[in-house]
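A.B. asks: Give me the fold of what follows.
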Amino acid sequence: MVVEDLPKLLLFNQNCLRSTRFLVKPSIFCAIFHASSESSTFALPVESSHFTGSGQQVVGQYDIDILVGKVHTQSSDDEIFQCLMSDRECNAIQLSHDLIDKLLHRFNDDWKSALGAFKWAASRPSYKHSPQAYDMMVDILGKMKQMDRMKDFLKEMHQGNLVTLNTIAKVMRRLAGAGESENAVRIFDELETFGLEKNTDSMNLLLDTLCKEKKVEEAREIFLLLKSHIVPDAHTFNIFIHGWCKINRVDEAQWTIQEMRGHGCHPSVISYSTIIQFYCCRCNFRKVYELLDEMVVQGCPPNIVTYTTVMCSLSKAEKFEEALQIVLRTKIAGCKPDTLFYNCLIHTLGRAGQVKEAVEVFEVEMPKTGVAPNTSTYNCMIAMLCRHAQQQKALTLLHDMENLKICKPEVQTYYPLLKSCFKTGKIDSLLSILLNDIVDKHYLSLDISAYSLLIHGLCRANRSDRAYNLFEEMIRKDITPKYRTCCLLLDELKEKNMYDAAEKIEVFLKKL
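C.D. replies: As a prediction, the model looks like this:
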């Protein structure tokens, strides 16, 4: 694929599109590529994502564009709600669960837009949110550290009898992740008030939440209190094995395997693989091979996941030949490769400089074995090709991914391509097209990593004014820029004598 094969930039016909003048306000796009003398050839593209190859409109995407355009003109969730409520064009849209799910996915890192749009949809007399939408909204608020709003939202869900165990799982994990593990435990204590049971599944959710936040001893104390009236299962003990390994107490993890047997639970591949992963992370491959042999002796042979873990770790340690020997072990053991295994193999071959072999695995071996690629597979391939200065092949692969529709791109898919734009100097051409695809074609929200990548790249490309526009957008979306990003941008702005902007960053840095 050549650059001409990418979505073509066409000027809007103002007369024909008068009724859709609010179609999209692509703030990220405009922040970088506003109309100026240095990018005078640029014009907003007609949305290629609105139509299929046959010219038929894709259901819902045009409506999403309208809603996003309205939302981006407001600064608070209440303003967004009022704006949508009073807009005839928005209220003429026929809502569906699929449309709202896509809209919330689009606002995954923008709680104000998500909450405003959610409240507006809930106010529509002919529409009722799905349980999935409520859970997504809870998760977005928790993810963006809006804990008080998340708790209020949970109360509203409770009043409507909408709380499920999945809701509780998201709430507990977000509370624990925000350092409120006591509140996570309190939520578990109040399960009955939500009409839910305290049983093995709900206990495991709590224990898993605490262990993932390294509160393993606290989780252990709770388990000892609960185990007399809630029967643990193998998953309970695997949670603790993972937790002990997470806090570098592998002896307790190995002791937990013995405890499992005492409760009539058999250690599984997961039990051993977790400890193997612990040793892999420390490059103690002697212990890894000992455990692989022990698994066979115990009648619990390693599976493809175990071997994938070992191969990835060997690759990370740059032991590429040893990593590729794992492929042979899987064949001897009769393990059938899966997508994750092939992803790791492609990554390993790429890091070993065997690009041709990696491409052969992707194009020949995976189809031959009937293993379908996923988004991570494409991410690995695109990253490898960009790393070896084969940007055009990476773009072709992205184009194939979009056309085949086996899986969808994510923001991470574009990272290596965005980096390549800065390396090759294609800032006013290819970068603009990629960003437009991210935001307006695939309805993805830029995350902190994407913003950081763009700001750093623009600063180094002497585009600090555009980098500052992105910085302001992050602040509006309640995404906190990294300290290093702020310092880099601050130095660039001072060098350009943009003192007002520099002063705003200095004020922000004092709040970090």
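A.B. asks: Dump stretch 277-289 to PDB, restricted to CA.
C.D. replies: Provided in PDB are the C-alpha atoms of stretch 277-289 (Å, rounded to 0.1, in the frame of the first residue of the first chain):
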ATOM      1  CA  GLN A 277       6.600 -16.900  36.000                       C
ATOM      2  CA  PHE A 278       8.100 -15.600  39.300                       C
ATOM      3  CA  TYR A 279      11.400 -17.300  38.500                       C
ATOM      4  CA  CYS A 280      11.300 -16.200  34.900                       C
ATOM      5  CA  CYS A 281      11.000 -12.600  35.900                       C
ATOM      6  CA  ARG A 282      14.200 -13.000  37.900                       C
ATOM      7  CA  CYS A 283      15.900 -14.800  35.000                       C
ATOM      8  CA  ASN A 284      16.400 -17.900  37.300                       C
ATOM      9  CA  PHE A 285      16.000 -20.300  34.400                       C
ATOM     10  CA  ARG A 286      17.600 -23.200  36.300                       C
ATOM     11  CA  LYS A 287      14.600 -23.200  38.700                       C
ATOM     12  CA  VAL A 288      12.300 -22.800  35.800                       C
ATOM     13  CA  TYR A 289      13.500 -26.000  34.100                       C
END
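A.B. asks: residues of that stretch that come out buried?
C.D. replies: 277, 278, 279, 280, 285, 288 (16 or more other CB atoms under 10 Å). All C-beta spots, glycine's among them, are computed from the backbone N, C-alpha and C.
A.B. asks: Could I get those in a markdown table, plus columns for secondary structure, pLDDT and distance to residue 201?
C.D. replies: Formatted as a markdown table, the buried residues of stretch 277-289 follow (DSSP: H, G, I helix; E, B strand; the rest coil; pLDDT from 0 to 100; distance: CB to CB, whole Å):
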| residue | secondary structure | pLDDT | distance to residue 201 |
| --- | --- | --- | --- |
| 277 | helix | 96 | 24 |
| 278 | helix | 97 | 26 |
| 279 | helix | 97 | 30 |
| 280 | helix | 97 | 30 |
| 285 | helix | 97 | 36 |
| 288 | helix | 97 | 32 |
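A.B. asks: Next, the contact list for residue 231, please.
C.D. replies: residue 200 (CB atoms under 8 Å, 6 or more residues apart in numbering).
A.B. asks: distance of it from residue 220?
C.D. replies: 17 Å (CB to CB, to the nearest Å).
A.B. asks: what does residue 490 give?
C.D. replies: From residue 490 across to residue 220, the span is 46 Å (CB to CB).
A.B. asks: Which one's more surrounded, those two?
C.D. replies: Legend: neighbour count by other CB atoms under 10 Å for residue 490 and residue 220, higher for residue 490 (23 against 18).
A.B. asks: neighbours around the nearest residue to that one once chain neighbours are set aside, how many?
C.D. replies: Nearest residue to residue 490 in three dimensions, chain neighbours excluded: residue 505, at 4.7 Å (CB to CB, 6 or more residues apart in numbering). By the criterion of other CB under 10 Å, residue 505 has 23 neighbours.
A.B. asks: Equivalent analysis for the one 5 residues further on, please.
C.D. replies: For residue 510, the count of nearby residues is 7 (other CB under 10 Å).
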